[in-house]
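S.K.: pasting the sequence and the predicted coordinates here, then a few questions.
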Amino acid sequence: MASQGMIDRLEEFTLEGVKSTGKDLGRGAYGKVFTVKYLGLVCAVKEIHALLLDGVSPQEKKAIKDGFIRECIRCNAIRHPNIVQFLGVYYSSAQSELPIMVMELMDTSLNSFVENNKSQIALKSKFSILYDVSLGLSYLHGHKPPVIHRDLSSNNVLLNSHLVAKISDLGMAKMIRADSKQTKSRLTTAPGTLHFMPPETFDEIDPVYGTPVDVFSFAGIALHVFSEEWPTPTRPVKKDPKTKILVGLSEAQRRQAYLDKMTGGAAVLKPLIERCLENEPEDRPLIEEVAEVIEPLKGRWPKKLARHTMVCYGEKEK
């Protein structure tokens, strides 16, 4: 059982009368996403896989439940136009061990949008989307203590029909891990999407999850948006053609092919994105600085007339 005090807090935003629509939006490592109706409003919900609670000790189960409730309480306190709004929770049945999170419904993921609109996305739209993400992160990092997303990628930046970008899946990986040693052992050291994770998160002894983690991930999103390709890094070493000795590569060098595609108007952001990809966390800029650099760019370029295909939650597996 979760702590009674935690359960009492959860009751503050438990919704009544939520009805399933039967529409499945997608499935992931931690759960599935589908739609419901609440007071006539169609919403997205995320249900954690019940299997994550199977085969764990009572202490671990309590840790997972308490972790889930803590994250619900945290999400309930977050209000920002570039963060997907948490609306509350409900129970699918009286036997449910964990409630289901109810959230604002968006139209598509950034990943799906890029995949379905290659060579059609206006530069102004790209700058605007990245600016929205930087504003959302600035809000999270400005909390005391800062809220660190830890799993930021093009899959959990969502867009509405007006191409307003909002960050989703706050704390999902952290929520599942809770304080459970058994649960942690099932997961990789890096908490998020590997291609968007900085080197400090791969330290098996003492992984660090400060706000620079999200800044690095933001750079991965920028590379995806500008190159319109999933930013897969090369191997961390290469062989010197003369000496035949293996030489270590920086994180920026591992993504050089995508940086090289930041041409034309996008080239103005290239030095900043390279700084966001620095190996050492302290060498990366604050996300507030990133937002300040992008803000004047989003209104500078003429809007390209293009038909943007909105495919709801249709991201491809990577």
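M.R.: Yes, it's here. Here the structure is a predicted model, which is why all the values come from computation and not from measurement.

S.K.: what does stretch 128-139 rub up against?
M.R.: Stretch 128-139 has contacts (C-beta atoms under 8 Å, 6 or more residues apart in numbering) with 78, 80-83, 110, 149, 152, 157, 159, 163-167, 214-215, 218, 221-222, 225, 287-288, 290-291, 294-295, 297-298. (C-beta placed from N, C-alpha, C; glycine too.)

S.K.: hang on, I meant stretch 158-168
M.R.: The contact list for stretch 158-168, computed with C-beta under 8 Å, 6+ apart, reads 81-84, 103-104, 106-110, 113, 125, 128-130, 132-133, 136-137, 140, 149, 152, 156-157, 308, 310.

S.K.: can we see that at 6 Å?
M.R.: Applying C-beta atoms under 6 Å, 6 or more residues apart in numbering, the contact partners of stretch 158-168 are 82-84, 106-109, 113, 125, 129, 132-133, 136, 156-157.

S.K.: what residues sit buried inside it?
M.R.: Of the residues in stretch 158-168, 158-159, 163, 165-168 count as buried by neighbour count, 16 or more other C-beta atoms under 10 Å.

S.K.: what of stretch 194-213?
M.R.: For stretch 194-213, using 16+ other C-beta under 10 Å, the buried residues are 195-201, 209, 211-213.

S.K.: and of those residues, the nearest to residue 73?
M.R.: Nearest to residue 73, judged by C-beta to C-beta, of these is residue 209 at 19.7 Å.

S.K.: what does the pLDDT read for the closest one?
M.R.: Reading off the confidence values, residue 209 has pLDDT 76.

S.K.: relative to residue 135, how far out is it?
M.R.: Shown here: residue 209 relative to residue 135, a distance of 21 Å by C-beta to C-beta, to the nearest Å.

S.K.: try residue 80
M.R.: Look at residue 80 and residue 135: by C-beta to C-beta, they are 8 Å apart.

S.K.: one step back: may I see the ChimeraX selection of the buried members of the contacts of stretch 128-139?
M.R.: If you want just the buried ones from the contacts of stretch 128-139 in ChimeraX, going by 16+ other C-beta under 10 Å, the selection is:
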select :78,80,82,83,110,149,152,157,159,163,165,166,167,214,215,218,221,222,225,287,290,291,294,297,298
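
S.K.: quick one, phi psi at residue 100?
M.R.: In terms of degrees, to the nearest 10, the main-chain angles of residue 100 are phi -110, psi 130.

S.K.: I figured it was touching residue 45, is that so?
M.R.: Yes: counting by C-beta atoms under 6 Å, residue 45 is a contact partner of residue 100 at 5.1 Å.

S.K.: neighbour count for these two, which is higher?
M.R.: Per other C-beta atoms under 10 Å, whichever of residue 100 and residue 45 has more neighbours is residue 45, with 25 against 21.

S.K.: the host helix or strand of the more buried one: partners in the sheet, and parallel or antiparallel?
M.R.: In this assignment (DSSP states H and E), residue 45 forms part of strand 41-48. Within its sheet, and counting by DSSP bridges, strand 41-48 is paired with strand 31-38 (antiparallel), strand 100-103 (antiparallel).

S.K.: tell me where the protein has strands.
M.R.: 19-27, 31-38, 41-48, 86-90, 100-103, 108-109, 157-159, 165-167, 237-239, 246-248 (DSSP state E).

S.K.: need those in a markdown table with mean pLDDT and distance to residue 229, can you?
M.R.: Below are the strands of the chain laid out as a markdown table (pLDDT from 0 to 100; distance: least, C-beta to C-beta, whole Å):
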| stretch | mean pLDDT | distance to residue 229 |
| --- | --- | --- |
| strand 19-27 | 86 | 22 |
| strand 31-38 | 90 | 25 |
| strand 41-48 | 89 | 27 |
| strand 86-90 | 92 | 32 |
| strand 100-103 | 91 | 29 |
| strand 108-109 | 94 | 16 |
| strand 157-159 | 97 | 16 |
| strand 165-167 | 97 | 19 |
| strand 237-239 | 77 | 20 |
| strand 246-248 | 76 | 24 |
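
S.K.: and stretch 87-99, what's buried?
M.R.: Neighbour count says stretch 87-99 has 87-90, 98-99 buried, by 16+ other C-beta under 10 Å.

S.K.: can you list contacts of that stretch?
M.R.: Contacts for stretch 87-99 (C-beta under 6 Å, 6+ apart): 13-15, 18, 48, 53, 68, 72, 100-102.

S.K.: how far is that stretch from where the chain is centred?
M.R.: Distance of stretch 87-99 from its chain centroid, counting by C-alpha atoms, centre = their mean, to the nearest Å, is 24 Å.

S.K.: repeat that for stretch 218-225.
M.R.: The chain centroid and the centroid of stretch 218-225 are separated by 12 Å, computed with C-alpha atoms, centre = their mean.

S.K.: CA atoms only: put it into CSV for me.
M.R.: Provided in CSV are the C-alpha atoms of stretch 218-225 (Å, rounded to 0.1, in the frame of the first residue of the first chain):
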residue,chain,number,x,y,z
PHE,A,218,17.6,20.0,-26.4
ALA,A,219,20.6,20.0,-28.8
GLY,A,220,19.6,16.6,-30.0
ILE,A,221,16.1,17.9,-30.8
ALA,A,222,17.5,20.9,-32.6
LEU,A,223,19.7,18.6,-34.8
HIS,A,224,16.7,16.4,-35.6
VAL,A,225,14.6,19.5,-36.5
